[in-house]
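Participant: Let's see this in three dimensions:
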Amino acid sequence: MLVWYGLIPVAEADPIGLIDVAVACEWPQTRQFIARRLAHFEIDQTRVLIVEDETRLRDVLLTSVSELGYPASGARSGEEASRMMADDPRDIVVLDLHLPGMDGLEFFELIRQRWLKT
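Facilitator: Below you'll find the predicted structure:
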């Protein structure tokens with residue numbers, strides 16, 4: 001499983017959240033940015049969870065990922081994402097740091113404890 005803060009792999013985690021930078025760009029640039037990040041994952045075998053409380057941003061990311069052919073679903077909060085992961089763990093999580101209730105860092109810790117394979 002790969003978890004991103006914004007669109008940054010955890011190994012390079014940087015809490016500035018580049019997800020906002022991607023959406024601030026025009027639509028084609030956002031789609032290209034996401035495509036580059038997902039390029040080395042097999043489409044048929046990679047499911048993506050977008051965890052973002054801002055509806056517009058979540059919808060843009062879901063559309064981008066889906067148009068690239070990856071099965072994608074969205075959650076508005078860490079709690080909702082946790083329930084979704086418990087029911088059906090995803091391969092990639094795109095995670096906002098600033099979420100209502102359980103914030104992104106708390107949800108990341110939960111992912112590490114329950115779903116990341118070491």
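Participant: drop to CA atoms for contacts and neighbour counts, all remaining ones
Facilitator: Will do.
Participant: Just to be sure, Leu110 is in a helix?
Facilitator: Yes: read with DSSP: H, G, I helix; E, B strand; the rest coil, Leu110 is one of the residues of a helix.
Participant: Near it, how many other residues are there?
Facilitator: Other residues near Leu110 come to 14 when the count uses other C-alpha atoms under 10 Å.
Participant: what about the residue nearest the centre of the chain, which SS state?
Facilitator: Centrality entry for the chain: nearest residue to the mean C-alpha point is Val94, 1.1 Å, by C-alpha atoms, centre = their mean. The three-state label for Val94, taken from three-state DSSP, comes out as strand.
Participant: was I right about it contacting Arg47?
Facilitator: No: checked against C-alpha atoms under 8 Å, the pair Val94 and Arg47 is beyond contact range at 11.0 Å.
Participant: Ile92 contacts Val48, correct?
Facilitator: Yes: checked against C-alpha under 8 Å, the pair Ile92 and Val48 is within contact range at 4.7 Å.
Participant: quick one: which of the two has more around it?
Facilitator: For Ile92 versus Val48, the count of surrounding residues by other C-alpha under 10 Å is larger for Val48: 23 against 19.
Participant: hey, what's that one bridged with?
Facilitator: Ala72, Ile92 (DSSP bridges).
Participant: measure it to Arg58 for me?
Facilitator: Computed with C-alpha to C-alpha, to the nearest Å, the distance linking Val48 and Arg58 is 12 Å.
Participant: Could you do Ser64 as well?
Facilitator: The span separating Ser64 from Arg58 equals 10 Å under the rule C-alpha to C-alpha.
Participant: What segments of this structure are helices?
Facilitator: When secondary structure is read from DSSP state H, the chain shows helices at 18-24, 27-38, 55-67, 78-87, 104-114.
Participant: Make CSV from these and add mean pLDDT and distance to His98 to it.
Facilitator: Converted to CSV, the helices of the chain look like this (pLDDT from 0 to 100; distance: least, C-alpha to C-alpha, whole Å):
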stretch, mean pLDDT, distance to His98
helix 18-24, 41, 11
helix 27-38, 71, 20
helix 55-67, 86, 13
helix 78-87, 94, 10
helix 104-114, 85, 6
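Participant: Fine, thanks again, bye for now.
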